[in-house]
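1. Next come a sequence and a model predicted from it.
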Amino acid sequence: MQTARFYSKFPLNLSMVTYQVDILDPKADRLLKDLAEMNLIAIKQTDSDGFMQVIDRLRSNAERLGPPTMEEITQEVETVRAERYARKKA
């Protein structure tokens with residue numbers, strides 16, 4: 001399965017719409033390429049998955065920071081509980 005971004009320009013370049021399409025059939029790939037050759041759409045293939053970039057960044061931060069200590073976890077739990085208790089009282 002291929003994933004590509006397609007840009008469609010409206011008359012007078014007033015606006016542009018972006019679609020992300022998962023191509024399941026090679027016929028659809030050929031059709032889209034034909035539309036691009038007729039200058040009806042512009043195709044920009046995505047090289048990387050944005051979601052996976054975020055995951056990789058989170059993992060690298062976690063490695064750098066290390067796991068939270070038991071004291072940090074306890075403090076966070078107590079903070080959340082206090083906020084919930086305050087909301088129930090209000």
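-> Thanks, I have it.
2. if I look at the residue lying farthest from the centre of the chain, how far off is Leu65?
-> Most distant residue from the mean C-alpha position of the chain: Lys89, 38.4 Å away (CA atoms, centre = their mean). Here the criterion is CB to CB, to the nearest Å. By it, Lys89 lies 34 Å from Leu65. Every C-beta, even on glycine, is put in place using the N, C-alpha and C of the backbone.
3. what do you get for Arg30?
-> Counting by CB to CB, the gap from Arg30 to Leu65 is 48 Å.
4. More neighbours: these two, which one.
-> A direct count of neighbours by other CB atoms under 10 Å for Arg30 and Leu65 places Arg30 higher, at 11 against 8.
5. Show me what the helix or strand hosting the more buried one is packed against.
-> Using DSSP states H and E, Arg30 sits within helix 26-37. Helix 26-37 is packed against strand 2-9, strand 16-23, strand 41-45, with contacts defined by 3 or more CB pairs under 8 Å, 6 or more residues apart in numbering; DSSP states H and E.
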